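Colleague: Got a sequence here, can you model it:
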Amino acid sequence: MLRLSKLTDYGTVIMTHMARDPDRICSAADVAAEIGVSAPTASKILKMLARQHLLHSLRGAKGGYLLARPPQEISIAQVIDAMEGPAGMTECSIAAGLCAQERTCRIRANWQRISLAIFRALDGVTLADMTQPMLHPVDIGTLHAWKAAGHKPALE
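Modeller: Next up is the predicted model:
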């Protein structure tokens, strides 16, 4: 199963937290206390997101971090990319020349198609979307039962 790193998970939590009050300047200590991560972890993540221009870093006594754009203009794909680099299921689906079997591989195009479908799904969800409660929470048990019964999602 695909899984994001813990830092990327925290990055999406931090960005969603900040999107709830997008005009508020947040210090690393504030973010750490409010979402329940250590101050060094919050600081590291905030710096990573600022380096990728998703946050503005403000210096001074009343400094901190602020969303660089409105929440509806920042996608989850952008947050993941800022934390982990270009997303792709396999190395060959990220860029040409990263895989030794690239010239003879017969499934590269399929991996690229899968990676594109995942990217589109993540790019279609914004921080503004993440701040809204889901009307119907996903039941993980049902998802596992659905998978065990042999159901497969359709790729577009």
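Colleague: From residue 119, how far off is residue 112?
Modeller: For residue 112, the distance to residue 119 (CB to CB, to the nearest Å) stands at 10 Å. Heads up, the C-betas are built off the backbone N, CA and C, glycines and all.
Colleague: Before we go further, residue 47 is sitting in a helix, right?
Modeller: Yes. Secondary structure assignment places residue 47 in a helix (DSSP: H, G, I helix; E, B strand; the rest coil).
Colleague: Once you drop chain neighbours, what's closest to it?
Modeller: Using CB to CB, 6 or more residues apart in numbering and skipping the chain neighbours, the partner closest in space to residue 47 is residue 57 (7.7 Å).
Colleague: Quick check: bridge partners of the one you found?
Modeller: Following DSSP bridges, residue 57 is listed with bridge partners residue 65.
Colleague: Residue 112 and residue 119 - which one has more neighbours?
Modeller: residue 119 (19 against 16; other CB atoms under 10 Å).
Colleague: wait, what's in contact with the more buried one?
Modeller: 77, 87 (CB atoms under 8 Å, 6 or more residues apart in numbering).
Colleague: do residue 121 as well
Modeller: Applying CB under 8 Å, 6+ apart, no residues contact residue 121.
Colleague: do you know how far the residue nearest the centre of the chain is from residue 21?
Modeller: Residue closest to the average C-alpha location in the chain (CA atoms, centre = their mean): residue 80, at 3.1 Å. Distance, residue 80 to residue 21, by CB to CB: 22 Å.
Colleague: One more: residue 127?
Modeller: For residue 127, the distance to residue 21 - CB to CB - is 12 Å.
Colleague: Between those two, point out the one with more neighbours.
Modeller: residue 127 (26 against 12).
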